[in-house]
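> Here is the input, now give the coordinates:
(one chain, ligands or ions: 2)
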Amino acid sequence: MSEQRLSRQEHGRPVAPVRMVHLGVGNFFRAHQAWFTEHSQDAAEWGYAAFTGRSAGVADDLAAQDGIYTLLVREPDGDRPEVVSSLSAVHPGRDLAALRGYFASPELALVTSTVTEAGYRRDTEGGLDLTDLDVAADIEALRADPESSEVSTTPGRLVAGLLARRGADAGPIALVPCDNVPDNGAMVARVVRDLAEQVDPTLVDWIEANVTVVTTMVDRITPRGTDEDRDTVGELLHVDDPQVVVTEPFAEWVLAGEFPRGRPEWPGAQFVDDVSKHEQRKLWLLNGSHSLMAYGASILGHETVSAAIGDETVRGWVEEWWDVAAAHLEVDADEVAAYRQALVERFANSRIRHLLAQIAADGSQKVPIRFGPVLAGEVAAGRSPAGATRPVAAWIAHLHGHGAPVTDAQQDRVAEVAAAEPAEAVRTVLGWMGIDAPADDLVSQVLGQIAALEAAASS
Ligand SMILES: NC(=O)c1ccc[n+]([C@@H]2O[C@H](COP(=O)([O-])OP(=O)(O)OC[C@H]3O[C@@H](n4cnc5c(N)ncnc54)[C@H](O)[C@@H]3O)[C@@H](O)[C@H]2O)c1
Ligand SMILES: O=P(O)(O)OC[C@@H](O)[C@@H](O)[C@H](O)[C@H](O)CO
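Ligands and ions are numbered 1, 2, ... in the order given. Here you go, the predicted structure:
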């Protein structure tokens with residue numbers, strides 16, 4: 001394999017001025033927001049300073065190749081490598097001096113983030129989790145020293161940056177979360193406000209006057225890369241890129257909100273007044289069926305999305321779930337039908353090796369939002385279709401140790417469900433989905449589905 005690394009000079013990629021910060025340099029950011037920026041007609045004016053979420057590894061690797069990296073777009077008939085150069089600087093997340101420096105610049109227009117659902121440190125009510133020890137440490141540190149303290153959480157870093165911006169009188173800015181969370185703008189607004197209130201109540205007024213929050217729906221299936229992907233880049237481009245990202249051809253971005261200091265001309269992005277109907281379509285149909293397969297199909301022994309959707313039983317579960325969810329969507333029936341058809345094709349792309357175990361992680365954050373509104377709506381209407389209760393059953397069977405391994409940021413909460421008497425576990429999970437005091441028939445139905453899945457696991 002080649003030992004040569006990518007370099008800006010060799011690829012003729014100039015460094016654009018930093019006008020955007022990103023928190024969480026994961027795979028998705030590099031396949032989506034950074035890629036949309038790369039393809040903007042005004043890309044030369046819009047550079048990203050990107051910060052890792054936790055460890056420094058990605059920053060070190062990217063720094064060694066001038067912030068540029070390969071995106072392998074996995075077309076049905078082959079890989080199309082693209083070199084992406086919109087990251088003008090990459091820093092470890094702990095580099096608070098750099099973060100504060102960017103925020104203090106009037107040139108900084110917006111901050112995107114992809115730190116996973118768990119990274120926003122919310123409690124079960126959606127506010128900032130003040131019992132989280134890292135959150136408590138950030139509050140204490142920022143109170144003691146607003147200008148140069150070390151903070152480790154995403155809300156803490158955002159507030160540290162906003163304090164620096166206020167201090168420099170650098171003007172308005174937009175926060176643009178890009179995680180798969182309904183109403184992600186309101187989510188970020190809430191945790192930032194909650195933390196600011198604890199640190200310095202006068203900052204809350206400044207935020208209201210100067211910070212806009214943009215809500216987004218984001219879509220592009222981007223699994224974690226492998227050593228084989230790195231080898232593929234070696235063969236295609238004759239370079240060693242340890243930070244190659246693999247993604248599908250499809251990409252979608254819908255945004256609602258104000259950008260007081262402008263934004264790149266992201267090609268194909270849609271700017272709307274309200275993202276909710278787009279977000280429900282994507283979160284319930286795509287992410288919902290992903291989670292259903294992550295739990296249910298891994299119990300049947302499948303490892304990847306493409307293998308799962310190729311199994312007639314699993315395909316049937318997915319279609320059943322889609323039938324129920326579709327009735328709750330606000331988009332027209334033709335659009336839903338086309339989206340379902342496209343999803344089957346996207347899922348069946350066996351060249352994208354999307355592991356069910358990756359999707360299964362952090363179910364406590366995902367299951368309620370991906371299935372709760374639809375199931376609660378059905379129950380309120382006096383119905384309990386099997387297609388909408390099976391995902392709950394599959395998750396509980398997964399927590400019982402079947403299928404993909406259990407990893408969850410809220411380990412204690414899910415361990416309690418796993419250890420509970422099964423009917424109690426079902427009631428607890430339904431409660432998290434907004435169904436309090438569920439009828440005995442509903443609980444029995446879920447218990448029957450859990451038993452069937454667990455029997456299939458051991459057969
Ligand atoms: N991968 C996809 O197909 C895809 C598609 C749409 C949206 N998303 C969203 O993008 C987000 C990131 O997904 P990804 O695929 O890039 O994952 P990833 O594992 O590649 O990257 C996750 C990033 O978040 C950071 N992070 C994780 N936990 C954190 C925490 N507790 N605090 C601070 N930072 C933390 C990590 O350091 C890393 O930078 C998720 O929220 C997901 O909903 C992903
Ligand atoms: O990224 P997560 O962990 O929130 O969810 C896993 C997948 O459902 C998700 O990454 C999808 O691939 C993505 O949302 C497609 O746009």
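> need the residues of the protein near ligand 1, please.
Where the chain comes near ligand 1, counting by C-beta under 6 Å from any ligand atom, the residues are 24-29, 52-54, 114-119, 154, 179-180, 218-222. Heads up, the C-betas are built off the backbone N, CA and C, glycines and all.
> What about those residues, which are in helices?
Secondary structure from DSSP state H places 27-29, 154 of these in helices.
> residues near the residue of the stretch 351-459 of the chain found nearest ligand 2, how many?
At 4.3 Å from ligand 2, Ile359 is the closest residue in the stretch 351-459 of the chain, using C-beta to the nearest ligand atom. By other C-beta atoms under 10 Å, 23 other residues sit near Ile359.
> Now do the SS call for the closest residue to it other than its chain neighbours.
Closest residue to Ile359 apart from its sequence neighbours, by C-beta to C-beta, 6 or more residues apart in numbering: Ala294 at 4.0 Å. Three-state assignment for Ala294 (DSSP: H, G, I helix; E, B strand; the rest coil): helix.
> Quick one: residues contacting Ala294.
By C-beta atoms under 8 Å, 6 or more residues apart in numbering, Ala294 lies in contact with 356-357, 359-360, 398, 404.
> Just flag the most distant two among those.
By the measure C-beta to C-beta, Ile359 and His398 form the most distant pair in the contacts of Ala294, at 11.2 Å.
> Give me the pLDDT for His11.
We have a pLDDT of 89 for His11.
> so who does it touch?
Counting by C-beta under 8 Å, 6+ apart, His11 has contacts 68, 83, 85.
> Just the buried positions in stretch 319-332, please.
320-322, 324-326, 329 (16 or more other C-beta atoms under 10 Å).
> residues making contact with that stretch?
276-278, 280-281, 284-285, 288-289, 292, 333, 336, 339-340, 373-374, 377-378, 385-388, 390-391.
> ok, 7 Å please
Residues outside stretch 319-332 that contact it (C-beta atoms under 7 Å, 6 or more residues apart in numbering): 277, 280-281, 284-285, 288-289, 292, 336, 340, 373-374, 377-378, 385-388, 391.
> Stretch 287-306 near ligand 2 at all?
Yes: contact between stretch 287-306 and ligand 2 is present through 287, 290 (criterion: C-beta under 6 Å from any ligand atom).
> Now do the end-to-end distance for that stretch.
Using C-alpha to C-alpha, to the nearest Å, one end of stretch 287-306 lies 14 Å from the other.
> Can you select the buried ones from the contacts of stretch 319-332 in PyMOL?
Here is the PyMOL command that picks out the buried ones among the contacts of stretch 319-332, judged by 16+ other C-beta under 10 Å:
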select buried, resi 277+280+281+284+285+288+289+292+336+340+373+374+377+378+385+387+388+391
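> The contacts of stretch 319-332 in helices, which ones?
Counting by DSSP H, the contacts of stretch 319-332 contribute 277, 280, 288-289, 292, 336, 340, 373-374, 377-378, 386-388, 391 to helices.
> quick one, strands of this structure?
Here the chain has its strands, by DSSP state E, at 18-23, 47-51, 69-75, 78-84, 87-91, 110-113, 173-177, 211-213, 215-219, 245-247, 252-256, 270-271.
> Between the contacts of Ala294, which sits nearest Asp227?
Closest approach between the contacts of Ala294 and Asp227, by C-beta to C-beta: Ala357, at 17.3 Å.
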